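# just need the structure, nothing else, for what follows:
(one chain, ligands or ions: 1)
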Amino acid sequence: MERGGYEALRTRLVERLVKEGIINSEKVRRAMLRVPREVFVPPSHRRYAYEDTPLPIGFGQTISAPHMVALMTEALRLEEGQKVLEIGTGSGYQAAVIAEIVAPEGSEKRGHVYTIERIPELAERARRSLEEAGYSDRVTVIVGDGSLGYPDAAPYDRIIVTAAAPEIPAPLLDQLAPGGIMVIPVGGRFFQRLLIVHKSRDGSIHTKEGTPCVFVPLVGKYGWRHF
Ligand code: SAM
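Next up is the predicted model:
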């Protein structure tokens, strides 16, 4: 499909998510209009890039459905200049959407996204897609167990976990800055709820339960040990 064809499909999907009330800020609307999801979807499934559905990216993993990306990005309440940690790079698409908001092109505020993936081949593919889409200067992809966080660049203004955890990993709470927000699916292996976690200025933690969701497992020391 031609570039213009994808753009038209992208616009139609984003405007539908706005109409459905899933996208409710101009920031998230703009970011999702700008990031080419088709670049992050394997060629075999590219024609479905603007269906509102998760798609396989290999190794038993998925790129999340656009409505889930929108919902989680809205819940993060991102601001330009923030430092964000993502656990579960997958395709790299969610990281690019976040980068569009915290570090838009030409911004002098030096926002940045650190994203961790446990499967090296996926991390490498995500790096290439982020490069192709023009985000490699604003997104750092790390290979490792993201349930441990990434202490090297902590603390983070925002943390997003895009794999399902049995409970909130303690290292992620430690690495969240005072005043920070974390969005994380928590629950059983096949069904979870999105939790929105606020760390107040005095360090106390307040958790709100959001929408039911279904994510692949967070596999690691502070996630699921076996699956
Ligand atoms: N955010 C991704 C995107 O935009 O394509 C979708 C993420 S996919 C639903 C979940 C990803 O989390 C998978 O790629 C999986 O390998 C990864 N994952 C699972 N456990 C992990 C861990 N402990 N550390 C880092 N990545 C992990």
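# phi, psi for Glu167 please.
According to degrees, to the nearest 10, the main-chain angles of Glu167 amount to phi -160, psi 170.
# distance-wise, check it relative to the ligand.
Note on Glu167: its distance to the ligand, by C-beta to the nearest ligand atom, to the nearest Å, is 14 Å. (Each C-beta comes from the backbone N, C-alpha and C, glycine too.)
# enumerate the residues of this structure near the ligand.
With C-beta under 6 Å from any ligand atom as the criterion, the chain comes near the ligand at residues 61-64, 87-88, 90-91, 93-94, 116-119, 122, 145-147, 162-163, 215-216, 218-220, 223.
# let's see 5 Å
Taking C-beta under 5 Å from any ligand atom, the part of the chain that reaches the ligand is made up of 61-64, 88, 90-91, 93-94, 116-119, 145-147, 162-163, 216, 218-220.
# which of those count as buried?
Neighbour counting by 16 or more other C-beta atoms under 10 Å classes 61-64, 88, 90-91, 93-94, 116-119, 145-147, 162-163, 216, 218-220 among the residues of the chain next to the ligand as buried.
# tell me which residues in the longest helix seen in the chain are buried?
What stands out as the longest helix in the chain, according to DSSP state H, is helix 3-19. Neighbour-count burial for helix 3-19, counted by 16+ other C-beta under 10 Å, picks out 6, 9-10, 13-14, 17-18.
# which among the residues you listed gets closest to Gly180?
Closest approach to Gly180 among those (C-beta to C-beta): Leu17, at 25.7 Å.
# what's the pLDDT at the residue nearest to the closest one when sequence neighbours are not counted?
By the measure of C-beta to C-beta, 6 or more residues apart in numbering, the closest residue to Leu17 outside its immediate chain neighbours is Ile23, 4.5 Å from it. Taken from the predicted model, the pLDDT recorded for Ile23 is 98.
# OK, contacts around Ile23?
Applying C-beta atoms under 8 Å, 6 or more residues apart in numbering to Ile23 gives the contacts 14, 17, 29, 32, 70, 74.
# distance of the last one from the ligand?
Using C-beta to the nearest ligand atom, one gets 15 Å for the distance from Glu74 to the ligand.
# wait, that residue touches Asn24, no?
Yes. Contact criterion C-beta atoms under 8 Å: Glu74 and Asn24 qualify, at 6.3 Å.
# between these two, which one's more packed in?
A count of neighbours by other C-beta atoms under 10 Å puts Glu74 above the other of Glu74 and Asn24, at 17 against 13.
# ok, for that one, nearest residue in space, not its chain neighbours?
Here the residue nearest Glu74, using C-beta to C-beta, 6+ apart, is Val28, at 5.4 Å.
# need the phi and psi values for Pro171.
Pro171 adopts backbone torsions of phi -60, psi -30, taken as degrees, to the nearest 10.
# I'd like to know how many residues surround it.
Neighbours of Pro171 using other C-beta under 10 Å come to 18.
# pLDDT score assigned to it?
For Pro171, the model assigns a pLDDT of 98.
# just to revisit the earlier point, what's next to the helix or strand that the longest helix of the chain is followed by, contact-wise?
Downstream of helix 3-19, the next assigned helix or strand under DSSP states H and E is helix 26-34. Counting contacts by C-beta under 8 Å, 6+ apart, the residues outside helix 26-34 that touch it are 10-11, 14, 17-18, 23, 66, 69-70, 73-74, 78, 97-98, 100-101.
# which parts of helix 26-34 are buried?
Buried residues in helix 26-34, defined by neighbour count with 16+ other C-beta under 10 Å: 27-29, 31-32, 34.
# no further questions, thank you.
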